[in-house]
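Enquirer: quick one, what's the 3D model for this:
(one chain, ligands or ions: 3)
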Amino acid sequence: MSLTVIRGGLVITAAEETPADVLIDGGRVAALAAHGSEIASGWSGSADRVIDATGKYVIPGGVDTHTHMELPFGGTFASDTFETGTRAAAWGGTTTIVDFAVQTAGNSLRAGLDAWHAKADGACAVDYAFHMIMSDVNEDTLKEMDGLVDEGVTSFKLFMAYPGVFYSDDGRILRAMQRSAGNGGLIMMHAENGIAIDVLVEQALAEGRTDPRHHGEVRHALLEAEATHRAIQLARVAGAPLYVVHVSAREAVAELAQARDLGLNVFGETCPQYLFLSADNLAEPGFEGAKYVCSTPLRPREHQEFLWRGLRTNDLQVVSTDHCPFCFTGQKELGRGDFSKIPNGLPGVEDRMDLLHQAVVEGRISRRRWIEIACATPARMFGLYPRKGTIAPGADADIVIYNPDAGHVISAETHHMNVDYSAYEGRTVTGRVETVLSRGELVIDDRSYVGRAGHGRYTPRGTCQYLI
Ligand SMILES: NC(=O)NCCC(=O)O
Ligand SMILES: [Zn+2]
Ligand SMILES: [Zn+2]
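Expert: Ligands and ions are numbered 1, 2, ... in the order given. Below is the predicted model:
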């Protein structure tokens, strides 16, 4: 087994900031010791590799618990494969993704999961796991949930949106929640009232309101709040925990805060796009707004402050990307003249750690909170902790050397995601990933990619470790 020492950096976890050297033995963190201590000095002499992190942060690899590589949607597929998407994740300091395997109506959960394993197997640069999207809750799939939890697929996404595609009605949602209350699974909810939204879509199109900005208008904030409220009440009735994905509306944050004030196991995730972008982007001239079409939609700018506050008060616990890229040319363009045909989703797996560090630079969150919402809590929420999400003896040596002073400009010209635009084009951020290790192996070495497809391993998960 080879020994690596990361020397001279500031180790930041969700719990503490420690000037320490880190010893890696094979794929795991073996020990931490103070800079210059006798123990640490001894390591450098016997190590196979010494990485100098003086003046840098040494942080756990990011854990992005919401990605959609190769997702079929709107007559096309998300443009990142597991190979390109996990490579881009590594470039951005993320060393674990949890992607959504999709059950298609009429087929089993198993068939969906097998299909996702086939896409990812041998392709990934960093470790990966799966949630399961349930499109068809029935007696058979309810039974299948138990087996999936046992084998490490411990979370199930249901949709109150997209009637005719992924949508589940309240009865099906209640039944899946009841099942998860018994088997330890966590229900993840896409909370938007899709039935009402479809009425508004139809009306908008009939009135000739076909531009991308109308996507945001018909997906009204109150219809996100209503669905969030309903999901919470259904989860209470079922006695099940609930995780609401991609929260964007201030009114939805208020629903989550109210539930948490009652002491309920209700959790919320938001995404960088809702923190840094707004409905103004959807209204960009011509068809440019299509680049920003996702659901839940980007909201008017004033919602952002409520999301940041939710992250500070822990009414929102996780920032994931909902990485679901579609190229502008040939994919987003499918919705010219009809916003409802624009494939929903934004790229971002490479940008999340930097954008959240920018929030640290701007004083919105602390350094430890950055690591908590991007690494530790996602790992805890989805049963990966402490193997992932922290730097501690026994943890996987998924480690990022982060230069907090190196500024760079986010651009499609330089990013590594397989998509022809950046949602953050031209934005300057302070901070940059320099070196990335995944289970002790270099993936990014001083801004050079040295990883390989197939290094990333499938990682079965335990159940939620964040319950009150
Ligand atoms: N979010 C989005 O617009 N696309 C991905 C699918 C989903 O998460 O609902
Ligand atoms: Zn969703
Ligand atoms: Zn998603």
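
Enquirer: any idea which element residue 267 lies in?
Expert: Residue 267 is part of strand 266-270, with elements assigned from DSSP states H and E.

Enquirer: those residues of this protein touching ligand 1, which are they?
Expert: With C-beta under 6 Å from any ligand atom as the criterion, the chain meets ligand 1 at residues 68, 190, 246, 294-295, 322, 324, 344-345. The C-beta positions use only the backbone N, C-alpha and C, and glycine is treated the same way.

Enquirer: how about the helix or strand of the chain with the lowest mean pLDDT as CSV, C-alpha atoms only?
Expert: Each helix and strand of the chain was given a mean pLDDT (mean pLDDT, DSSP states H and E); the minimum falls on helix 38-46 at a mean of 93. Extracted C-alpha coordinates of helix 38-46, given in CSV (Å, rounded to 0.1, in the frame of the first residue of the first chain):
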residue,chain,number,x,y,z
GLU,A,38,7.2,14.9,15.5
ILE,A,39,4.6,12.5,14.1
ALA,A,40,4.0,14.5,10.9
SER,A,41,7.7,15.0,10.3
GLY,A,42,8.2,11.2,10.5
TRP,A,43,5.5,10.7,7.8
SER,A,44,7.2,12.9,5.2
GLY,A,45,10.4,10.7,5.4
SER,A,46,8.6,7.5,4.7
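
Enquirer: follow-up on the earlier one: save the residues of the chain next to ligand 1 as a markdown table, and put in secondary structure, neighbour count and pLDDT too.
Expert: As requested, those are exported to a markdown table (DSSP: H, G, I helix; E, B strand; the rest coil; neighbours: other C-beta atoms under 10 Å; pLDDT from 0 to 100):
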| residue | secondary structure | neighbour count | pLDDT |
| --- | --- | --- | --- |
| 68 | coil | 24 | 98 |
| 190 | strand | 24 | 98 |
| 246 | coil | 25 | 98 |
| 294 | coil | 27 | 98 |
| 295 | coil | 22 | 98 |
| 322 | coil | 28 | 98 |
| 324 | coil | 25 | 98 |
| 344 | coil | 23 | 98 |
| 345 | coil | 24 | 98 |
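
Enquirer: which of those residues sits closest to residue 39?
Expert: residue 322 (42.6 Å; C-beta to C-beta).

Enquirer: backbone dihedrals for that closest one, both of them.
Expert: Backbone dihedrals for residue 322, given as degrees, to the nearest 10, come out at phi 50, psi 40.

Enquirer: how far out from the middle of the chain is the least confident helix or strand of the chain?
Expert: Taking C-alpha atoms, centre = their mean, to the nearest Å, the mean C-alpha location of helix 38-46 is offset from the chain mean by 37 Å.

Enquirer: residue of the stretch 351-468 of the chain closest to ligand 1, please.
Expert: Across the stretch 351-468 of the chain, the shortest distance to ligand 1 (C-beta to the nearest ligand atom) belongs to residue 423, at 11.9 Å.

Enquirer: next one: that residue from residue 315, what distance?
Expert: To residue 315, residue 423 is 25 Å away according to C-beta to C-beta, to the nearest Å.

Enquirer: taking the centroid of this protein, which residue is nearest it?
Expert: residue 320 (2.6 Å; C-alpha atoms, centre = their mean).

Enquirer: residue 436 against residue 89, yeah?
Expert: No - counting by C-beta atoms under 8 Å, residue 89 is not a contact partner of residue 436; they are 9.4 Å apart.

Enquirer: which strands and helices sit next to the helix or strand where residue 205 lies?
Expert: Counting by DSSP H and E, the element that carries residue 205 is helix 194-206. On a contact count with 3 or more C-beta pairs under 8 Å, 6 or more residues apart in numbering; DSSP states H and E, helix 194-206 meets helix 213-218, helix 221-238.

Enquirer: give me the buried stretch members for that helix, please.
Expert: Residues of helix 194-206 classed as buried under the neighbour-count rule (16 or more other C-beta atoms under 10 Å) are 194, 196-198, 200-201, 204-205.

Enquirer: hmm, who's touching that helix?
Expert: With C-beta atoms under 8 Å, 6 or more residues apart in numbering as the contact definition, helix 194-206 has outside contacts at 159-163, 167, 210, 214, 217-220, 223, 226, 338-340.

Enquirer: buried ones among those?
Expert: Applying the neighbour count, that is 16+ other C-beta under 10 Å, the buried entries in the contacts of helix 194-206 are 159-162, 167, 210, 214, 217-220, 223, 226, 339-340.

Enquirer: stretch 81-91: how far from the chain's middle?
Expert: Averaged over its C-alpha atoms, stretch 81-91 has a centre that lies 13 Å from its chain's centre (C-alpha atoms, centre = their mean).

Enquirer: measure stretch 48-65 end to end?
Expert: Its first and final residues considered, stretch 48-65 spans 33 Å by C-alpha to C-alpha, to the nearest Å.

Enquirer: how far off centre is that stretch?
Expert: 20 Å.

Enquirer: again, but for stretch 196-206
Expert: Taking mean C-alpha positions (C-alpha atoms, centre = their mean), stretch 196-206 and its chain are 30 Å apart.
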